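Asks: fold the following and give me the result.
(chains A, B, C and D, ligands or ions: 4)
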Amino acid sequence: MTKPTREISYADALYEAAAGEMERDPSVFVFGLGVDDPKGMYGTTKDLQVRFGADRNFDTPLSEDAMTGVAIGAALAGMRPIHVHQRFDFLLLCMNQLVNVAAKWSYTFAGAVKVPIVVRSIIGRSWGQGAQHSQALHSMFMHVPGLKVVAPTTPHDAKGCMIAAIRDNNPVIFMEHRMLYGHRGVVPEESYEVPFGKARILKEGDNITIVAISHMVVESLRAASHLESVGVHAEIIDPVSLSPLDIETIVQSVSKTGRLLVVDNAWTACGASAEIISQVIERLQGKRAVQVSRMGFAPVPCPTTKPLENLFYPNARTIAARAYDVAKGSAQNWLPEGAEAKEILEFKGPF
Amino acid sequence: MTKPTREISYADALYEAAAGEMERDPSVFVFGLGVDDPKGMYGTTKDLQVRFGADRNFDTPLSEDAMTGVAIGAALAGMRPIHVHQRFDFLLLCMNQLVNVAAKWSYTFAGAVKVPIVVRSIIGRSWGQGAQHSQALHSMFMHVPGLKVVAPTTPHDAKGCMIAAIRDNNPVIFMEHRMLYGHRGVVPEESYEVPFGKARILKEGDNITIVAISHMVVESLRAASHLESVGVHAEIIDPVSLSPLDIETIVQSVSKTGRLLVVDNAWTACGASAEIISQVIERLQGKRAVQVSRMGFAPVPCPTTKPLENLFYPNARTIAARAYDVAKGSAQNWLPEGAEAKEILEFKGPF
Amino acid sequence: MLAEIDERVATLTKEAKEHAPALLSRLYRALYRIRRVEEDVARIYPTDKIKSPSHLSLGQESVSVGICEALRKSDIVFATYRSHAAYLAKGGDINRMIAELYGKEDGAARGKSGSMHLIDMSAGMMGTSAIVGSTIPLAVGYALAERMKGKDTVVVVFFGDGAMEEGVFHESLNFAALKKVPVLFVCENNTYAIHTPLHMRVPKPNFRERVEAYQIPTRLVEDGDVLTLLKETEAAVSRIRAGGGPEFFEVMTMRWLEHVGPGDDLHLNYRTKAELDSWKAKDQVKRLASMLAPTERQRVEADVESEVAAAFEFAEKSQYPADHELYEHVFHD
Amino acid sequence: MLAEIDERVATLTKEAKEHAPALLSRLYRALYRIRRVEEDVARIYPTDKIKSPSHLSLGQESVSVGICEALRKSDIVFATYRSHAAYLAKGGDINRMIAELYGKEDGAARGKSGSMHLIDMSAGMMGTSAIVGSTIPLAVGYALAERMKGKDTVVVVFFGDGAMEEGVFHESLNFAALKKVPVLFVCENNTYAIHTPLHMRVPKPNFRERVEAYQIPTRLVEDGDVLTLLKETEAAVSRIRAGGGPEFFEVMTMRWLEHVGPGDDLHLNYRTKAELDSWKAKDQVKRLASMLAPTERQRVEADVESEVAAAFEFAEKSQYPADHELYEHVFHD
Ligand SMILES: Cc1ncc(C[n+]2csc(CCOP(=O)(O)OP(=O)(O)O)c2C)c(N)n1
Ligand SMILES: Cc1ncc(C[n+]2csc(CCOP(=O)(O)OP(=O)(O)O)c2C)c(N)n1
Ligand SMILES: [Mg+2]
Ligand SMILES: [Mg+2]
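Replies: Ligands and ions are numbered 1, 2, ... in the order given. Sure, this is the predicted structure:
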């Protein structure tokens, strides 16, 4: 067998995963605000209603709470709904159904029922998304037993994780960052699952381990290039799935490097970065001295004006600078030159 | 001035704080499901409607989401509402208003407005509260900039924190554990504020620092007695306020003991315990070798049956055992004898 | 009185009329069974053997019985924390219910969830929730799914008057009506949410008007009459099954005991003795009893007594779940 | 046409009629000002100077203008992400608005929040939100508070037809009616939520029936007629101010441009040109223009042109906020 070489975008990979599963399994359907809209949810749901009928890719009223309950109810009846949210922020309207119901139903009824739903949650950024359209609240869901949380960053993993999420018998919060949609990568045409709970080492290195989440994986890879230029070899790990979390791969890397920087696309307080650091310390304390650090959103609501928004997010340069400090063991006041990320720079509104 | 000696219960302390503030400031009012109910919310709101009128302590329809918006709207108009929830779990119905609105409004409007609301959130336990009536989701709120989160454990702090919360110009999530309501302690009759961001050392000790949250403070103090019996002197710290968090006091203690056990009344993943451990490590790494550990709810929804519920929660004995292991640096297989906590043992339904 | 009963029986559908004696006996059995279970739960409660917040259906039995009698086994019921009646009426296993209240491993949820979370999938009882209103959209989603699968299942969801104040109720109505899903919404209007009467919660208790604005047909049953309920449900269910879309019942009723737990609560003064007594006078258990031949009545009662006693004995004898069960079922394989 | 206009003017309240020429001029100024601002936002948008998702009110101006004209300065308005019109009509500072869209420190929120979060407390404009429906309960709470303080403030909340599907809308109606708070709910029914028409979202677009079930009086204004709106609002506001409780307006309208951004969107085929044109024919800006004497009209237009031009210039010249502002205002002292 030859290695696959076809390159498609992250958005197309998501589309392909959903379409393939809908083809294979009549119990899979997609719904949510705007999924059959002319814009097709960034193309991720484009013509599903044409291919599979208007019953299997349908728009809804603005009723996030009940629609989540509808997804759960349909799942109880044996269906596999994919519920799409235009922004992660809108999940705050359906926390009751997600946390009090979906997360608990298998346990509450001692395994009598299952809730196989996929909750697609798109993270906004750019063009002044602001405080209510830019949040990434995965740590809230990581906190709750009974939910799975995944955040693939490559087109390959987007497709494989989506297929795995659809087939999973549990509620899966599926995090997508809209700055990833345009990224292209090699994606096999056939169907495959990317199993949850397995991290990926995207780049090897001996000096420092950088664990990055969602769009920050892209920025961290860029940071790694800057770091190479000053002789620091970073190992870049993408957890892919956050709950379950493959802490083994991270611990092994940190055992080697002795240094850990976690870069989240979220706030740090009680965030995924706190969890990863705590687990690494718990495992390595008394065995290996480690230096840890974490980065994430500034601890403020996201401002819309570009100069402040730029400061709100970590970027390749600030990640490199922080990693350099950690690698050297003290503040070095080094900040590499470099442009803003291409996908952000090129992004045009209107939204 | 003589030291105050009057002892009252935690529930009465909360009542006294609200009543005192309502007396002092006509903009303070209380509302929520059942606040003027014959049972008066465990006595914490008992006769407020009689003393201050039915407009200032009123029941509501079952509409958590809108009622939170009503609280915020009233606060925008200059009032200081206290919104009471019979269970913390019900906050999941109003996350949109709390996180997307209350937490963001001051920042979003660059300080033009303020949102002085107090959200009283009662944590359930005992008599089979189960998966949907026992959650303590403070870490979700600690994650979000713009919210304050407090969890007083003594009657003294309950009163002082409530007064401070009411006077605070920001949204405050006020966490109460119903197993604390009956606890009695010395509470000054006059009005006073317990400032946020200042932890309390409830017991001094050299061997290990135990930071405990909410009802776990009570269990940790009991654990400390067990530990004394085997020559381990634990320092017990009650953060009182979780956001802002007084990390200095904790770091100082850990600098001394070299060991930290965080016991939360919540799940640990992305929890307050992960945050406290991460902050302590960030501050002390390279300066002081430390051993850390954390305990909390078992990573499952809360079961109702007593034998499993007992395993779900940390208790004085399991906390002591864990602290002993940490203090000794390895598993000791020591579990002290001891009865179940009095307040839990004595609690009778029907609810 | 007897004339009135005859008249009501006469209004039953043809099939029901032919089977009237058997039907009445079956209804009485169902009513009496729930009544006796609730009485025994109330009796046992103070012993602390049931450490599970129990919201008794005592007084409200007829709502579940009248409605579930019109359903097929394959039809589906969702309900609330106050669902001993719905669970039993839909055919839920009585032994597993009592064992669940006792927190034992033979319980419907292996003791993990207690009174507020009853399920018996083999009987089409799809579960209950302790969060008010939270099963309403589940019923709508379930019904949507059944229709997508080409089945003619009808889904019934029971909820209290308080649940109608939650936003999710309205969102669910709108969606159900839009998609014409096969759901029967049943509001058990006992006029109180805990201790708060209707007039403190809504400007006017005209729930049916609210629902009709969503183009959903409604029925009011004012006296909890089990025969009327049965007749109305048979008609509604056949319309719904035929694709007519959702319907809504408002059934007036009254709980006899306190909101949660085994006691009376007149001392709390939120409702009057006269109000309660007026409902006790309409007691459907007594009424159906009076419609049966004495021997038949005795036979039914004896059966039920032994069934209920056996269920409590079953629960007493069952074991608590083993420690390792704490960690089981968080995820489904 | 002129006859029709005369007739409409004749229906104004006595006070309004006496001041008719001044009133018409004021209304035209308000309408034209919003129109010109929106046109200029649309014009500037492609330059990337406004990096803020802008949901233009173009075509919907009359709703805000007709209603706000009937309000006192001390009355309060809450609205949505589509609120350039409401902000300007209520008297919000135009310079601070444009500077906010530009993300500059002289903006209404120091550039931190952009088009979707406009506030001007000195004008009684209490803010807008990017989460659909989220300001509705805020308005109710604000109104409750004002009444508690003994003030006779009226609070108006604008929202779209889509917002009526959110549960919080119903919860808010119920509570507002229960407590008789002084709120005017205004649904700007442009019949679309993004690209989804009403019939895909509700079984029947009988919004007023839904609202009336809460005992809230309603009015329908079918053509966005600014004079009808003014008259109806004057009447409603005086009833509300007198303690009559909440009321509800459904105002039919149409946005001319795409949901968000400066472009046309007929190519998306979710609505027809005929539909849009029928609304353009009812354009209130043109209509009011035709009611003014030509000199007066020129005077108003010239004023507005220079005001709008000055606002954009103000925004251009304003600075971006300094870095340290990132950390300011998270908490209020
Ligand atoms: C969302 C939510 N809010 C509040 C509660 C607390 N609570 C439990 S039962 C109840 C009253 C519900 O009344 P109703 O719906 O009429 O049912 P009933 O108890 O009368 O059968 C309340 C407020 C809850 N369980 N869930
Ligand atoms: C709670 C929530 N859900 C979804 C969205 C995404 N969204 C933004 S505007 C909009 C349509 C709203 O339509 P409508 O209320 O009619 O207002 P209009 O845009 O027509 O003025 C949607 C779905 C949102 N911002 N908030
Ligand atoms: Mg009720
Ligand atoms: Mg609209």
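
Asks: packing partners for the helix or strand hosting C:Ala30?
Replies: According to DSSP states H and E, C:Ala30 maps onto helix C:20-44. The helices and strands touching helix C:20-44, judged by 3 or more C-beta pairs under 8 Å, 6 or more residues apart in numbering or on different chains; DSSP states H and E, are helix C:61-68, helix C:84-89, helix C:94-101, helix C:226-239, helix C:284-291, helix C:294-317. Just so you know, the C-beta spots here come from the backbone N, C-alpha and C atoms, and that holds for glycine as well.

Asks: now A:Ile247, nearest residue through space, not along the chain?
Replies: A:Gln279 (4.8 Å; C-beta to C-beta, 6 or more residues apart in numbering or on different chains).

Asks: swap that for A:Ser134, please
Replies: A:Cys302 (4.2 Å).

Asks: show me the domain layout of chain A.
Replies: Annotated domains of chain A cover A:7-186, A:200-346 [automatic domain parsing].

Asks: please identify the most buried of the ones you listed.
Replies: domain A:7-186 (a mean of 24; mean count of other C-beta atoms under 10 Å in any protein chain shown).

Asks: OK, contacts around the residue nearest to C:Gly160 when sequence neighbours are not counted?
Replies: Here the nearest residue to C:Gly160 in space, its sequence neighbours aside, is C:Glu188; by C-beta to C-beta, 6+ apart that works out to 5.7 Å. The contact partners of C:Glu188, taken as C-beta atoms under 8 Å, 6 or more residues apart in numbering or on different chains, are C:Gln60, C:Val63, C:Arg82, C:Phe158, C:Phe159, C:Gly160, C:Asp161, C:Val251, C:Thr253.

Asks: what about 6 Å?
Replies: C:Gln60, C:Val63, C:Phe158, C:Gly160, C:Val251, C:Thr253 (C-beta atoms under 6 Å, 6 or more residues apart in numbering or on different chains).

Asks: neighbours of the third one, how many?
Replies: So that's C:Phe158. By other C-beta atoms under 10 Å in any protein chain shown, the residues close to C:Phe158 number 32.

Asks: the residue nearest to C:Gly160 should be in a strand, yeah?
Replies: Yes: C:Glu188 sits within a strand when classified using DSSP: H, G, I helix; E, B strand; the rest coil.

Asks: return the distance of it relative to chain B.
Replies: 15 Å (C-beta to the nearest C-beta, to the nearest Å).

Asks: ok, A:Asn207 next?
Replies: 17 Å.

Asks: that residue contacts A:Glu235, correct?
Replies: No: contact between A:Asn207 and A:Glu235 fails when scored by C-beta atoms under 6 Å: they sit 8.1 Å apart.

Asks: for ligand 1, what's the nearest residue on the stretch 1-150 of chain C?
Replies: C:Val132 (3.7 Å; C-beta to the nearest ligand atom).

Asks: helix/strand/coil for that residue?
Replies: Per three-state DSSP, C:Val132 ends up coil.

Asks: that older thread, mind checking the helices and strands packed on helix C:20-44 for the one nearest to ligand 4?
Replies: Ligand 4 sits nearest to helix C:226-239 of all the helices and strands packed on helix C:20-44, at 33.4 Å, using C-beta to the ion.

Asks: quick check: angle from that closest one to helix C:20-44?
Replies: 110 degrees (axes from the mean of the first three to the mean of the last three C-alpha atoms, to 10 degrees).

Asks: what comes up buried for helix C:226-239?
Replies: C:Val226, C:Leu227, C:Thr228, C:Leu229, C:Leu230, C:Lys231, C:Glu232, C:Thr233, C:Glu234, C:Ala236, C:Val237, C:Arg239 (16 or more other C-beta atoms under 10 Å in any protein chain shown).

Asks: let me know the pLDDT of A:Lys39.
Replies: According to the prediction, A:Lys39 has pLDDT 87.

Asks: name the helix or strand for residue 153, please.
Replies: All of this is about chain A. Applying DSSP H and E, one finds A:Thr153 in no helix or strand.

Asks: next, count neighbours for C:Pro197.
Replies: 15.

Asks: mean confidence (pLDDT) on stretch A:150-158, please.
Replies: pLDDT averaged over stretch A:150-158 gives 98.
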